[in-house]
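Enquirer: could you look at this predicted model? Sequence included:
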Amino acid sequence: MLCYWGAQIREGLGLVQPDQVKHVNCGIRSMCPKTAVQDMSAGRSFVGFVRDGKVSVLRLHSEEDNHDGKLMHLQLKNDRIRLIVCGGDGAVLLAYGGKVLIMDKSTVCRPLRCLDSRQVIQIACGDHHSMALTKDGHVFVWGDNSHGQLGLEKDHPGSPSAQHVKSLSGVPLAQISAGGDHSFGLSLSGVVFGWGKNSAGQLGLGDTTDRHVPTVVKSLNRKKTVSISCGGEHTATLSKGGTVFTFGSGGSGQLGHNSFRDEHHPRVVAELWGSEVSQVTCGRHHTLVSVASSKRIYSFGCWMQGQLGNEEMIKKSVPFPVDLPADCNHTIGKLKSGENHSFVLIVKDPGNESKPNPSRGILTLNDRMIDRWLSGSDPWRVIKKEINQVFSSAASLNGSFLKTSCDEHYQTSEDHCGLDFDLVKTSFAKLTKNERSISEVVKVVQTILLPSLNPNPTGVEALRVYLLLPELLLKLFLEPLPERLQKQQRTEVTEALASKILQLNPDARKVLVTNWSKLPDDWLKGVVKLFKKASANLIGRMAADAMNWDVMTRLLKFVQILQMVYQVCCRANRNVTKSDFIITAINDLLDVLETTNEDVRKYWERFNLTGQTHALMAQQNYYNIVLKNLISFPCIFNLEAKCSYMKNRVWQGSFELTLRRTALVEDSFRQLRNVMQQHLREFWLSVFYTEDMRKTDVNKRDFFLNVFKELCAPESQLFMYNDNQTMSWFPTKLSVEKEKYFLFGILCGLAFNNTSVVHLPFPLALFKKLLNVKPSLDDLIEFSPVLSKSLQYILDYSDDVEKLDTYFTIVWDEMEVELDPAEPGKLVTNYNRTEFVNKYVDYILNKSVEEAFEEFKSGFFKACHGWMVEMFEPEELRGVLVGNEEYDWDILKQNTSYEGSFHAEHPTVISFWKVFEELTPNEKKAFLLFLTGFEKVPILGMSAVKMRVRPLFSFTQDHLPQALTCHALLDLPVYQNKKTLKTKLIEAINHKRGFWEE
């Protein structure tokens, strides 16, 4: 049964004879055409019907022609039509198979040739523009663009041919809709996009400014929108569960809000609350809704042509029931409203009510489709076609594997991607087992999908592909190589993905990073593993092959992604460890660089004679540049690699300090004031003492050892100290010139640059601050355990904190301080205790030391490059400068090598180790200082100390053992007995500590 009401129209619509039309109350007519109406639409000039794949149209009244035309049957040759949508002066038809035809105002139909190669699944018409949605998720538009309703760039004049709306590329759309001069798109996860005319707020964006590109209606996010209908200047949306929102022009009451005001934001139609509306449709100035459970239709808005279908001929600003015929007690099928008309198709079969039609949805990938591919039930050409359709379309992939349980995918937002991760994993795991299918998938992804990705996506759903592809590609790295899918191709497709991620605009990349932070740990580890494996492949090539600058460029893409994910893990406190990011193959590159540097040093003259110096220098330059680029992404370096990089730097020369041993601080500060920054950073430090004027590395180690002890001693008045005098910190009130902190910073930077371990008894907070990491209460514990425990006690106190009688007034460094100057004497309560502790810690570690620390920091970074410092974590930076106290003497013995006549079983060597075992712990530490010039073990541990022992030539029994500290080389006389060896060794390690001779 077909019921219709509204403006005057030909009796029976030309579908039945006038006498077969039943007239009921309020101008409603009903009839039963012999051939069932499959689809229908009413516009400004025509009403169209689809019956059995054929189309007939009825011309409506117009100002020029004051009578209805006859029902005309369109000549469509062999095309069978599925849908019709009438617009301002014509209509758009959609045939089975996806062909689009245009009917002009003279009812002549022609195919829309520019969409011949596309399978269209939905169409929509406004007054002067039209839209089409294809099976692979692309939106095409044509017509007028005076208000931006085509969604193209602002100055686009409009087009008679279909144009691709590129800004919607990748968005998995469920529906398109067009109004007078505005347009809407609805995604599978309920995200609503609007564009075009907005004079009455019909886009729901909170203003009346037209939009020329699709814009997310944020106030409808997470509202589970399942349907949209556009009127002349108003819009209605339907949510799952039946809630209706309306917005835009309300002058005729068409919004249903019991007012005639415009609404610029979506607003619930309160009168329909709880009715579980199943359909909503907008006419020019009126709105219809149907409630399936009660088989009722409600209308509101303009009544002037009787389009509301109820008795009172007045504008209705709230929903009123339509007076349907008494015998109309069957299921409401399709509900349609046009310019000034309303139509409803009544069906007897309860299963035929209007429901989402699978043929109107975009193609998506699912587990059943993959099972069908793997089963071989379809011919390969069919499978191949489907693979190409799905994997060439970002929209298709972005609409796949949605987490539909509990409607979770409707919660899609910047921090919720809506994917069912478990389903993706199992589906991709199955897919990669089939060599033929996965080879085709990779080819399509590499040649079609990735090149098509939009760097400026609209909406968060368009970014799902960047979460899906890493999981798919990772499976390729983990599975045995298919014959047609070699390692190079896997790396190439991964590189293409990395390129697309890096090309994303900043806003889109920020959303992707947020999505990463919400991924399950195993999924996030998969992203890391993918780009790590691809990186390792390229690094392996660089270490083994000749110089290749292209490989370096490609590698940098992978490590940029790894650094992005690493920062996510650090911020989000994820269970992805730092070791997960480390690429050990980098150590091979460093080994190559070390070998090259050694060749330059040792064999320069030989290479010069053979004309190979240019090639050697080019190779050295290549690996230096590669590693300097890579070090910008320190997460991929292990500590050994970082230290090796510093050790193998190529210096531009050396600069000298000439010092008196009795005036180390005075002389060094005087000279460092005038040293250029480039010399501090790029030149190796050499130290001369006026007493002997020999330039040796032992002098430099001696200098750093003694100058830092002098500066960190209480007599320097540079620092304050904790209660047990074991740790230093910057004072609140300076007792010395501010410049001294700057010069002290230069010394620390020089020590770092020259890989020297120094006496720097500061808490970890210092090294955090150098790396712009905010110190916390945990860092205060190291400097002042008692105070820290007191603050933690306040935080943990289970009773009323006010009973502790604590105030925001504190005393630090003999100064009284108000932590909240706006409220002196403020009492600490349960509500502000966290604020109190945070401000206390911030004052001690930040505010109170700002003047001295900033001077120190400026000096520190004058002497060394920031990027070199930033490759270390705070704990690592402290270890590089200060060393560690893990004195594993067994490892020292194991790693010792012997030269000359010495070997492990030599009597003198055996005696030496027996004597060493008898030394006290302090004497053993003194030996380490004697051997290396450092009091503490290097950050890499005792294994980094490679002691070499050789016989001292031209010796007597009175000679002391000697050490070359820069090489950890011990020259040991061949003593006649163990007793003499012990006496001489102890004398050597205690002799003029810090003033050895080479």
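Expert: That came in fine, so what should we check first? The structure presented is a predicted model; accordingly, all values stated were derived computationally and were not measured.
Enquirer: next, count neighbours for Lys315.
Expert: Using other C-beta atoms under 10 Å, Lys315 has 18 other residues around it. For the C-beta atoms, the positions are set from N, CA and C on the backbone; glycine is no exception.
Enquirer: which residue is the nearest non-sequential neighbour of it?
Expert: Gly253 (4.7 Å; C-beta to C-beta, 6 or more residues apart in numbering).
Enquirer: hmm, Phe260 and that neighbour touching each other?
Expert: Yes - Gly253 lies in contact with Phe260 (C-beta atoms under 8 Å); the separation is 5.7 Å.
Enquirer: list the buried residues in the helix-or-strand element of the chain with minimal mean pLDDT.
Expert: The helix or strand of the chain with the poorest confidence is helix 586-609; it has a mean of 81 (mean pLDDT, DSSP states H and E). By neighbour count with 16 or more other C-beta atoms under 10 Å, helix 586-609 contains the buried residues Ile586, Asn587, Asp588, Leu589, Leu590, Val592, Leu593, Thr596, Asn597, Asp599, Val600, Phe607.
Enquirer: swap in stretch 850-863?
Expert: For stretch 850-863, by 16+ other C-beta under 10 Å, it's Glu851, Ala852, Phe853, Glu854, Glu855, Phe856, Lys857, Gly859, Phe860, Phe861, Lys862, Ala863.
Enquirer: same deal with stretch 918-937?
Expert: Of the residues in stretch 918-937, those buried (16+ other C-beta under 10 Å) are 919, 924-937.
Enquirer: now the two most distant members of the residues you listed.
Expert: Largest separation among these by C-beta to C-beta: Leu919 and Gly933, giving 18.6 Å.
Enquirer: contact partners for Gly196?
Expert: 126, 147-151, 179, 181-183, 203, 210-211 (C-beta atoms under 8 Å, 6 or more residues apart in numbering).
Enquirer: before we move on, what about Ser229?
Expert: Ser177, Thr235, Ala236, Thr237, Val280, Thr281, Cys282, Thr287.
Enquirer: so can I have JSON lines of those showing distance to Glu715 and secondary structure?
Expert: Formatted as JSON lines, these follow (distance: C-beta to C-beta, whole Å; DSSP: H, G, I helix; E, B strand; the rest coil):
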{"residue": "Ser177", "distance to Glu715": "81", "secondary structure": "strand"}
{"residue": "Thr235", "distance to Glu715": "79", "secondary structure": "strand"}
{"residue": "Ala236", "distance to Glu715": "82", "secondary structure": "strand"}
{"residue": "Thr237", "distance to Glu715": "77", "secondary structure": "strand"}
{"residue": "Val280", "distance to Glu715": "84", "secondary structure": "strand"}
{"residue": "Thr281", "distance to Glu715": "88", "secondary structure": "strand"}
{"residue": "Cys282", "distance to Glu715": "86", "secondary structure": "strand"}
{"residue": "Thr287", "distance to Glu715": "87", "secondary structure": "strand"}
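Enquirer: whichever of those residues end up buried, select them in ChimeraX.
Expert: This is the ChimeraX syntax for the buried subset of the contacts of Ser229, where burial follows 16+ other C-beta under 10 Å:
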select :177,235,236,237,280,281,282,287
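Enquirer: turn the contacts of Ser229 into TSV, columns for distance to Asn629 and pLDDT.
Expert: Shown next, in TSV, are the contacts of Ser229 (distance: C-beta to C-beta, whole Å; pLDDT from 0 to 100):
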residue	distance to Asn629	pLDDT
Ser177	50	98
Thr235	52	98
Ala236	55	98
Thr237	50	98
Val280	57	97
Thr281	59	97
Cys282	58	97
Thr287	61	97
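Enquirer: reformat the contacts of Ser229 as CSV; add distance to Gly274.
Expert: Listed next are the contacts of Ser229 as CSV, based on distance: C-beta to C-beta, whole Å:
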residue, distance to Gly274
Ser177, 25
Thr235, 22
Ala236, 17
Thr237, 17
Val280, 16
Thr281, 21
Cys282, 22
Thr287, 18
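Enquirer: phi first, then psi, for Val24.
Expert: phi -130, psi -170 (degrees, to the nearest 10).
Enquirer: count the neighbours of it for me.
Expert: The burial count for Val24: 17, using other C-beta under 10 Å.
Enquirer: show me the shaky parts of this structure.
Expert: For the chain, applying pLDDT under 70 flags the ranges 62-67, 328-329, 349-359, 479-486, 546, 611, 691-698, 992-998.
Enquirer: in the stretch 101-250 of the chain, which spans are strands?
Expert: Here the stretch 101-250 of the chain has its strands, by DSSP state E, counting those that start in this stretch, at 109-111, 120-125, 129-134, 139-144, 158-164, 173-178, 182-187, 192-196, 211-216, 225-230, 234-239, 244-248.
Enquirer: could you dump those strands to JSON lines with distance to Thr662?
Expert: Formatted as JSON lines, those follow (distance: least, C-beta to C-beta, whole Å):
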{"stretch": "strand 109-111", "distance to Thr662": "99"}
{"stretch": "strand 120-125", "distance to Thr662": "90"}
{"stretch": "strand 129-134", "distance to Thr662": "86"}
{"stretch": "strand 139-144", "distance to Thr662": "82"}
{"stretch": "strand 158-164", "distance to Thr662": "81"}
{"stretch": "strand 173-178", "distance to Thr662": "82"}
{"stretch": "strand 182-187", "distance to Thr662": "78"}
{"stretch": "strand 192-196", "distance to Thr662": "78"}
{"stretch": "strand 211-216", "distance to Thr662": "73"}
{"stretch": "strand 225-230", "distance to Thr662": "82"}
{"stretch": "strand 234-239", "distance to Thr662": "84"}
{"stretch": "strand 244-248", "distance to Thr662": "84"}
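Enquirer: wait, which of the ones you listed is closest to Val687?
Expert: Using C-beta to C-beta, the strands of the stretch 101-250 of the chain put strand 211-216 closest to Val687, at 64.1 Å.
Enquirer: tilt between that closest one and strand 139-144?
Expert: Relative orientation of strand 211-216 versus strand 139-144 (axes from the mean of the first three to the mean of the last three C-alpha atoms, to 10 degrees): 150 degrees.
Enquirer: done for today, thanks.
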